[in-house]
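**Q** Make a model of this:
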Amino acid sequence: MVLQLVYGAVTTILPPKYWPHALVTGTILLVFYAYAQGRPTTRERDLHARTILLTGPFTPLGLVALTALAKRGAHIIALSPYPLSHPVPSLLLPLIRSTTKNENIYAEHCDLNSPTSIRKFCTSFLTGQETRLDALVFAHEYPSIGRIWFLGGKARREKEERERAQREAASLASFLLTTLLLPALLVAPVERDIRIVHVVNPFYAAALPAFPAFLNSTPSSPPAPQPLVMSEGLRALRTVVLTRHLQRILDSLPNRAADPKSKSQTTPPEPQPSNILSVAACPGISRRDTIAPFLGATENGWSLAYLVLFLPLMLVTKTPESALQTLLHVLFLPTPLKRAQAKIDAAADEERKAEEERAAAAAAAAAQEEGTEEKKAPERPKRVGNVEVLKPGALYRECAVVQLDVPRPPAPPLDEKEKGAKKKGKKAAEEPIIVMEDDGEYGGEAVGRAVWEWYEARLKDWEARDAER
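**A** Predicted coordinates:
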C-alpha cells in the first residue's frame, strides 16, 4: 500500500517518460559536483607529538582543519581572536577534544589585528618551558575580505579603505608572527621537519597585471584602488611571493654546524637546504570562506542574495572539507630531507640483501660440490618508485604545484659607491655576505626582495598606528 502511494506520487510529479531525462540530468549534475569539489589528497601522516600553531581556528576552514589535525594526534595551539572566556572557544574546544579524543588542544588569545597582542603572545610563548613548533599554519588569510557594493560616493570609499586596512593587517600579522617565532625554529635540530604554511585565496592570478604597480608603490603613494576580486588577488599574490622569498632566505642561512675535522675553522659552513620549509596552499573557491563574505553572509549577519544563490553555489563551490585537502596535502607530503634519509635507509637495505644473496650463492656452491643440486631462485627485478616530495617555497592548489609567471621590475642602476667599490677591488677581509640564488620562480629574487621590503615598511607604519591608540 505504501509503495503504491509513493509510486503514484512520483509518477504524478514526474511521469515515467521523463525518467531517462532525469537520470541523465542527475548524473551530469553529480559529475559536475564531484569535479567542483577538487582533488582529494592521497597522503596520510601520523601527527602524534607534533606541535602545530593554527591561526583562524574558528573560520569554516579553520574548524575542519582543527578537527582533522586533532584526529591525527597533533598538539594544537589555536590562536583565538576571542577572549578565552568567550562562548566560541569555551564551548567549541571541549567539544572537539571529546569528539577527537585528543586532549592536547589549547587556545591562546591573540588579536591578529594588533601587533601589540601578537608580540605579547610571542614573548609569552618563547619564554615558556615548551617552545617546540613543528608547523605554522596561517589559515586566517584565506577568508575573503570585502563585500560586493553597488553604491558609490563617500560610503563606498570608506568601505574600500576599511577593507584595504583589514587585508594589510591580515598579511602583516603572518609576517610578524613568522619573524618573531623564527628564532625558535632555527635552533631546532636540523633533523626535525618544520613547515610554514600560508593559506591564500584563489584570486592570485587576477592580480598579475596590477602587480608591477604594487611593487612601485610606497606608503606615501599607494597604488590606485582596485576592484574587489583584484584586491583580494593582490593580497594572495604578495603572500605567495613572500613565501618563496622566505624559503630563499632560509636556504641561504648556515643551518649546519661546522665540521670538527675540517682544517679551516674560520670559514663558516656552506649553506645547506633548510629543514624549515615555507609553502603556500590555495584551497580553491569555498562556499563559506570565499563566496559568502562577498555576498554579505558573515557570522555577524545574513544575506538574501546568499540564500537565493545557495543551491547553485552548493553545486559549483567547495565545502570546507573539500577545501581542506590541499592544506592536508602540504602537511602530509614527505620533505626532501626525509626522502633523502629514506633513500639512505633503502641503500642500506640493498647492501644487506646483497650480503644475503652472496651467502646464499656460497651455500649453493658448497651444495653443488657435495653433489646435491639446488635450484637457483630467479632474481627479482629491482623496483624503482617515484615518490612525490614537498617542493620548498611552492604554491599548491588541488594538491599540485602551481607555476606563476610573476612580472619582474626593471633592474635598478648601480650607485656611485657600488661602482667605485667594484673599480677599487678591496682585498681587505670583509664580513661574509649572504648570497641568495635567483631561481627565477615567482618573479625571482628581485621581486621577492621588493615584496619583503614592502612588508617591512608597512609593518613599521602598522606598529606606529597601533602605538598611537
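**Q** Let's verify the spatially most central residue of the chain: helix, strand, or coil?
**A** Against the mean C-alpha coordinate of the chain, by Cα atoms, centre = their mean, the closest residue is residue 197 at 3.0 Å. The local conformation at residue 197, judged by DSSP: H, G, I helix; E, B strand; the rest coil, is strand.
**Q** which ones are touching it?
**A** Listed by Cβ atoms under 8 Å, 6 or more residues apart in numbering, the contact set of residue 197 reads 135, 136, 137, 138, 279, 280, 281, 327, 330, 331. Quick note: C-beta positions are derived from backbone N, CA and C, even for glycine.
**Q** lowest average confidence, helix or strand, in the chain?
**A** Least confident helix or strand of the chain, by mean pLDDT, DSSP states H and E, is helix 416-424 with a mean of 48.
**Q** Tell me where the stretch 201-350 of the chain is predicted with low confidence.
**A** 219-220, 255-271, 338-350 (pLDDT under 70).
**Q** quick one: the strands in it?
**A** With strands called from DSSP state E, counting those that start in this stretch, the stretch 201-350 of the chain shows them at 276-282.
**Q** And the strands in the stretch 51-200 of the chain?
**A** Taking DSSP E, counting those that start in this stretch as the test, the strands found in the stretch 51-200 of the chain are 51-55, 75-80, 105-109, 135-138, 194-199.
**Q** got the angle between the third one and strand 51-55?
**A** Here strand 105-109 runs at 40 degrees with respect to strand 51-55, directions being taken by axes from the mean of the first three to the mean of the last three Cα atoms, to 10 degrees.
**Q** Counting neighbours, which bits of strand 105-109 end up buried?
**A** If you call a residue buried by 16 or more other Cβ atoms under 10 Å, then strand 105-109 has these buried ones: 105, 107, 109.
**Q** mind listing the helices for the stretch 201-350 of the chain?
**A** Assigned by DSSP state H, counting those that start in this stretch, the stretch 201-350 of the chain shows helices spanning 211-215, 228-252, 292-294, 304-308, 310-316, 320-332, 336-369.
**Q** so which of those comes closest to residue 390?
**A** Evaluated over the helices of the stretch 201-350 of the chain, closeness to residue 390 peaks at helix 320-332, with 6.3 Å, by Cβ to Cβ.
**Q** other SSEs contacting that closest one?
**A** Contacts defined by 3 or more Cβ pairs under 8 Å, 6 or more residues apart in numbering; DSSP states H and E place helix 320-332 against helix 60-71, strand 135-138, strand 194-199, strand 276-282, strand 395-397.
**Q** Contacts for it, please.
**A** In contact with helix 320-332 (Cβ under 8 Å, 6+ apart) are residues 37-41, 43-45, 60-61, 63-65, 68-69, 135, 137, 139, 195, 197, 199, 279, 281-284, 286, 288-289, 390, 396-399.
**Q** Just the buried subset of those, please.
**A** 37-38, 41, 43, 60-61, 63-65, 68-69, 135, 137, 139, 195, 197, 199, 279, 281-284, 286, 288-289, 390, 396-397, 399.
**Q** what about residue 191, how many neighbours?
**A** Number of residues near residue 191 (other Cβ atoms under 10 Å) recorded here: 9.
**Q** can you give me phi and psi for it?
**A** Taking degrees, to the nearest 10, you get phi -80, psi -10 for the backbone angles of residue 191.
**Q** Just put the helices of the stretch 201-350 of the chain in a markdown table and tack on mean neighbour count and distance to residue 31.
**A** A markdown table is the format used below for the helices of the stretch 201-350 of the chain (neighbours: other Cβ atoms under 10 Å; distance: least, Cβ to Cβ, whole Å):
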| stretch | mean neighbour count | distance to residue 31 |
| --- | --- | --- |
| helix 211-215 | 18 | 36 |
| helix 228-252 | 23 | 28 |
| helix 292-294 | 20 | 25 |
| helix 304-308 | 13 | 25 |
| helix 310-316 | 12 | 11 |
| helix 320-332 | 23 | 15 |
| helix 336-369 | 12 | 36 |
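**Q** who wins for proximity to residue 147 among these?
**A** helix 292-294 (6.3 Å).
**Q** centre of the chain versus that closest one, how much separation?
**A** In terms of Cα atoms, centre = their mean, to the nearest Å, the centre of helix 292-294 is found 22 Å from the chain centre.
**Q** Quick check: residue 131 touching residue 125?
**A** Yes - between residue 131 and residue 125 there is a contact under Cβ atoms under 8 Å: 6.6 Å.
**Q** re earlier: can you list the helices and strands packed on helix 320-332 in TSV and add distance to residue 95?
**A** Shown next, in TSV, are the helices and strands packed on helix 320-332 (distance: least, Cβ to Cβ, whole Å):
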stretch	distance to residue 95
helix 60-71	10
strand 135-138	21
strand 194-199	23
strand 276-282	26
strand 395-397	30
